[in-house]
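In: Here's a sequence, model it:
(2 chains)
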Amino acid sequence: MSAAENAVRPAAEAERGPAKVVGVIDIGANAMRMVIAQVRPDGAIEELERTQRAVRLGHDTFTHGRLSQRAMNAALGVLRDCKKLLATYQAEGVRAVATSAVREAANADAFVDRVAMAADLDLEVLDPAEESRLTVSAVRQAVQGVLDLGQAHALIAEVGGGSTLLTVLDRGAITASASYALGSIRLQEHLATTQEPQARAVALLRQQVSNVVEAIKRALPLGKVNTFVAAGEEARFAAQHIGQAAAPTGRVWTVEAKPFDRLVADCARLSPERLSKKHGLPLQSTERLVPAFLIYHALLHATPVERMLVCGVSMRDGLLLDLARRVTGADDPELAEGVIQSARTIGEKYRYDAPHAEHVAALAVRLFDELQGEHGLSPRHRLLLRVAATLHEIGGFVSNRSHHKHSYYLIANSEVFGLRREEVLVAAHVARYHRRAAPKPTHLEYLALPREDRIAVNKLAALLRVADALDRGHARQVRDFHIERPPGELVLYVRGVADLTVERRALEEKGDLFEDTYGLRLRLEEDAAPAPDARRASPME
Amino acid sequence: MAIEPDLDAPELFFNRELSWLEFNDRVLREGLSPDVPLMERLKFLAIASSNLDEFFMVRVAGLKQQLAAGRTARDPSGLTPAEQLERISRRAHAMVAEQAAGIREALARLAARGLRVLGPAEWTAEQRSYLRSYFASAVLPVLTPLAVEELQPFPILPGLGLNLLLGLAPADSADAAWKLAVVPVPASLPRFIPVPAAEGLNQAVLEDVMVEFIGQLFPGFAVKAATVFRLTRDADVPVTDDDAADLLQLIEEAVRSRRRQGVVRLGLSAHADPRLRDWLKQWCEVGDDDVYEVDGLLDAAGLYEIVSRPGFEALREPDWPPQAPRDLLGADDLWQAVADHDVLLFHPYESFQPVVRLIELAADDPKVIAIKQTLYRVSANSPIVAALARAAEQGKQVTALVELKARFDEARNVNWARRLEDAGCHVLYGVAGLKTHAKLLLIIRREEHGIRRYVHAGTGNYNDRTARVYSDVGLLTADRDFAADASAFFNLLTGYSQAVGWHKFAISPTESRARFVELIEREAAASTPDQPGLIMAKMNSLEDKALIQALYRASRAGVRVLLNVRGICCLRPGVPGVSENIEVISIVDRYLEHARVFYFRNGGHEEVYLSSADWMGRNLDKRLETVFPITAAALRARLVGALETYFSDNVKARRLQPDGSWAPVRRRGKPVRAQQKLYEEAVEAARAADQAPLQFRPMTRPAETQS
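Out: Residues are numbered from 1 along each chain as shown, chains lettered A, B, ... in the order given. As a prediction, the model looks like this:
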């Protein structure tokens, strides 16, 4: 390398090491999209390529309930092209995801399998909670400096081809998130509006949208919302026409309700063909425009808000942020908070003993951190342990008898914001094994888990059992302890508790899994002396 | 408020064919101008001739097809195809006569300088005998006479070649009916044959020699009459690529079939025997309007042979060797230079070599992982094609879009395409239904700190030869938005993606026109009497009706519109209430003006765009083109300066008059010849860099050494 080449390079840049190229592929209801980007060591994302191909998988799923061979083949062809582009950049991380069009198809598994075989891609079928989480994560980043989500009661809406994702943020924390079967393609397919005269088609669409929005009003506290954030392609189209740029990044706009009303009315009068001509858009885009507009419109007017904040980001940007965090190793604290908040909301629904749940969760996490060297699990598992601990006793809502089993299926059938389906299942299993029998080959659901997840369940459930034993009396006696580790043992010195008999007995009952899993004998001792400063820690964070 | 004029009125538009003929007339004017060095005059005379050939092969042929199909639709200027053909014929006949006179005059002047082209009457006995033996030894063996026993079928003669038509009679019978024979003039032989002479360079013309001695080919016959003739055939063979299994093959077939297309023009020597003339007319199925009798050289493009004779430097323009590009002066690492700042390349004042070098560097650079490029017209033995092939052989991912449909270059393009494919390039043969005219190069390089992409986008083809004579502008940049757009453009071409929205580009056929209309309308909207808007636009041709009407509206809004249109201009300037604020100039000089540059004052926030597209319907609707802004202020300023230089030209510039004629720009003050001034500026910049005081480049603070 020439001296000059070295010389002109800023020194700061040279120290940071190379950027990593990552790709995300999103298989939606009407199109397949890919973003290839490079992530700098400081987390900055530079987009390299953005591609989009119209493949209307949603058409099949929403009308016939399954993907046709033809659509699958088309999708595989596109994925192979995507792989070629990814190969150009020698991309190191690729995440391929699919949403409602695949999720709801009866033959989704066959498709996932074909993708793996033919395109060598591990296709992840996102559940709605994960979709919302990704969108919210991208929105959070995009609105930085424009809007303080920490002060807002916000409704974030993304209208897709198959579904509308709604998330309620209360002063920054996610309090509710849900997916509604209200999508621009789905609406058309259901109502076969493409065959109807324009005015009648729009009337039908309005009726259908209004029905669903009424249901949404009953489920979500829309009346309290003071900030309406819209993400999605059609919202961006509206913003580009009647919006005011709200951020210099060009990714956030404000759209006032009145002009939006007019735009929606204007567009609704025109057929997709005429819209296409007027705006120079492909017909496939304009067919979706009016259904999507009607959904945003109805949602906006279901809140007391007078304007939309349109965010030019999508779930793909959230996927990129995820990948970027993986590159930089950074965690997303807001995300974790969202997950925990969501778990609490579920707990409340099943009238959990919140103080006990929180206490056990804190103890469990403390143990997790202490034993990091033994279990070698990721921060993500720490989060799952926390969710499991928060919800471990919700089965009591059904019946106290075998409440661990009730906890299992209540959790397994909940949408925990920000967790993927498989993650929810892990948390559900951890909760299931917080008492009574340890995992056994006769437990079919447990056996159905992938091996890695089974191991994680064992390790995490062992910790939860110990934590739960430490609060057997639900009195939150054990607050402060330090740990010592003579060979083959783990000793918990508990401060400020005179009598640990109850806890010891509980540990004898529940410590078996811990000893089996970690190969350490567990002992509980009263700690009379004050704990050394370095060791002192409160499990309450 | 004045009455809104009808902007569809035919009198507001010039016919595009007639306007093109006026362009060719401007080329011809250079060939006739006493101010132009003799050898250059011959060049312009030759160019006017080959231009006209192409015009007949494509445009006139197209009109004739329309006529044959019974079309009577009027063009924006209100003419039917029949009316257009009639006017074209009248204008072209006058032009051909003037050109022939011009050639005679130029050759006479050349004779005075020692370079003589001799007619048979001027041959000395010695020369005559030399030519007789030349004919026997060099010409006769390669002749292929085609006897025409009957009138049908007429032999299939390729277009544009010279032929002799002979009326033969048996030597022993004076009044027998003529037999006819056609003898093609071999294209493989020199057109001008040096002959022995006491002084200077004396030459005879091949077809004269053939006419004189052709009797040797037909023993027993007497040549009763002879004429040289030349056919121009319809070359407008449509290639329907919408369902082409093998486009390569299709193109090859189209090229072959051009030989059999109908004749659209018959050229023949003046004073030809009327019987031969009538026979030819009948055979070719052409009318009197399509017959062009030339008193002198048929096919003046042959004059190139004289122009390319070495020597006679006093009769030529001084050489203007391309200079090192201003933005690359002192840069020893091309990658680094481009990564540091955008680079403007103004050819041929500045060398095209950096573009070639960049591709060659890329081919051998282990850091480069992919190269993507459009190739429209490439030179013979193109170093760019060679570099791309080498890059592919070294395992880089090379994507080349070879536009097979580039007219008259199809055959050559097929060859390049095959060569690149053999080397392992991913070769695309254009996009169905659209010609890919955009000039775009993308190099993806994995550098120490990640991926960096380098883009070259320009107004000219990736052709190192024409870059010496075409005036074009190119931009080298590592700007991320540009790179993302270039990637997206190639994804569009390769079918990897649909259009996903552009950061900086506007492309044809989808957005270019709308973008330009928007820019013009913005200028009109912001124009006030105190601060009138200003548009300066330079292009090859202005034909698109929507854009012309937008310019009319801008003129009405008070925007000053300065147009530098080299070729066709259908806009009529100086019409009161419509286009009185519009001025159109054209520059025909030693370099072919080919850059497309567009300037908008935009209330002081000046914007400059480059484009591969002219403002013509075909560019905006039928081609894949790119329009992109120049964002670096210094580069923008240079382009604004260049545009202003063109508009200050009072040597070569001509101004379009409201009646459609072009008059030399008479402006007092010192003479300004734009091309010369631009060249001198390039020389000055390079010299200034050379003479910069010796400067050490401290390694610790290296950024200071970069401009």
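In: which residues does residue B:545 contact?
Out: Contact partners of residue B:545, counting by C-beta atoms under 8 Å, 6 or more residues apart in numbering or on different chains, are B:13, B:76, B:570, B:617. C-beta: built from backbone N, CA, C; applies to glycine.
In: Tell me how far it lies from chain A.
Out: Remark: distance between residue B:545 and chain A (C-beta to the nearest C-beta, to the nearest Å) = 18 Å.
In: Kindly list the longest strand within chain B.
Out: strand B:221-233 (DSSP state E).
In: how's the chain carved up into domains?
Out: Answering for chain A, as no chain was given. With domains defined by automatic domain parsing, chain A comprises A:16-126, A:129-315, A:331-475.
In: I was thinking of chain B, sorry if that wasn't clear
Out: Looking at automatic domain parsing, the domains of chain B come to B:10-310, B:326-504, B:508-688.
In: quick check: mean pLDDT across the longest one?
Out: Confidence over domain B:10-310 (mean pLDDT, whole number) is 88.
In: Kindly check the end-to-end length of that domain for me.
Out: 50 Å (C-alpha to C-alpha, to the nearest Å).
In: CA atoms of the helix or strand containing residue A:35 as CSV?
Out: When secondary structure is defined by DSSP states H and E, residue A:35 falls within strand A:31-39. What follows is strand A:31-39 as a C-alpha-only set of coordinates in CSV (Å, rounded to 0.1, in the frame of the first residue of the first chain):
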residue,chain,number,x,y,z
ALA,A,31,-43.7,-8.0,-2.2
MET,A,32,-40.4,-9.4,-1.2
ARG,A,33,-37.9,-6.9,-0.1
MET,A,34,-34.3,-7.0,0.8
VAL,A,35,-31.9,-4.5,2.4
ILE,A,36,-28.2,-5.1,2.3
ALA,A,37,-26.3,-2.8,4.6
GLN,A,38,-22.9,-2.5,6.3
VAL,A,39,-22.7,-1.9,10.0
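In: and after that strand, which helix or strand comes next?
Out: Moving toward the C-terminus from strand A:31-39, the next element (DSSP H and E) is strand A:45-54.
In: quick one: is the next helix or strand along the chain from that following strand near chain B?
Out: Once the chain leaves strand A:45-54, the next helix or strand it forms, by DSSP H and E, is helix A:57-64. No. Helix A:57-64 does not reach chain B (C-beta under 8 Å from any C-beta of the partner chain); its nearest approach is 15.9 Å.
In: and the strand holding residue A:35, what other elements does it pack with?
Out: In this structure, strand A:31-39 makes packing contacts with strand A:20-27, strand A:45-54, helix A:69-88, helix A:315-328, judged by 3 or more C-beta pairs under 8 Å, 6 or more residues apart in numbering or on different chains; DSSP states H and E.
In: Give me the neighbour count for residue 105.
Out: Looking at chain A here, since you left the chain open. Applying other C-beta atoms under 10 Å in any protein chain shown, we find 25 other residues in the vicinity of residue A:105.
In: Sorry, I should have been clearer: chain B.
Out: For residue B:105, using other C-beta under 10 Å, the count is 14.
In: so it, which of the three states?
Out: Classification of residue B:105 by DSSP: H, G, I helix; E, B strand; the rest coil places it in helix.
In: in the helix or strand containing residue B:292, what's buried?
Out: Element membership for residue B:292 (DSSP H and E) is strand B:291-294. For strand B:291-294, the neighbour count (16 or more other C-beta atoms under 10 Å in any protein chain shown) marks B:291-294 as buried.
In: do stretch B:671-691 as well
Out: Residues of stretch B:671-691 classed as buried by neighbour count (16+ other C-beta under 10 Å): B:672-679, B:681-682, B:685-686.
In: Show me which of these is closest to chain A.
Out: In terms of C-beta to the nearest C-beta, no member of these lies closer to chain A than residue B:686, at 20.1 Å.
In: Contacts only, for the closest one.
Out: Counting by C-beta under 8 Å, 6+ apart, residue B:686 has contacts B:323-324, B:326, B:329.
In: a markdown table please, covering the domains of chain B and showing distance to residue A:460.
Out: Formatted as a markdown table, the domains of chain B follow (distance: least, C-beta to C-beta, whole Å):
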| stretch | distance to residue A:460 |
| --- | --- |
| domain B:10-310 | 60 |
| domain B:326-504 | 37 |
| domain B:508-688 | 54 |
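In: Looking at those domains, spot the one closest to residue A:366.
Out: domain B:326-504 (39.9 Å; C-beta to C-beta).
In: if I pick whatever residue of the stretch 51-200 of chain A ends up closest to chain B, what's in contact with it?
Out: Proximity of the stretch 51-200 of chain A to chain B (C-beta to the nearest C-beta) peaks at residue A:51, 3.4 Å away. Residues near residue A:51 by C-beta under 8 Å, 6+ apart: A:33-34, A:81-82, A:85, B:488, B:491, B:496-498, B:500.
In: roughly how far apart are it and residue B:499?
Out: 10 Å (C-beta to C-beta, to the nearest Å).
In: cool, residue B:569 as well?
Out: In this view, residue B:569 and residue B:499 are 31 Å apart by C-beta to C-beta.
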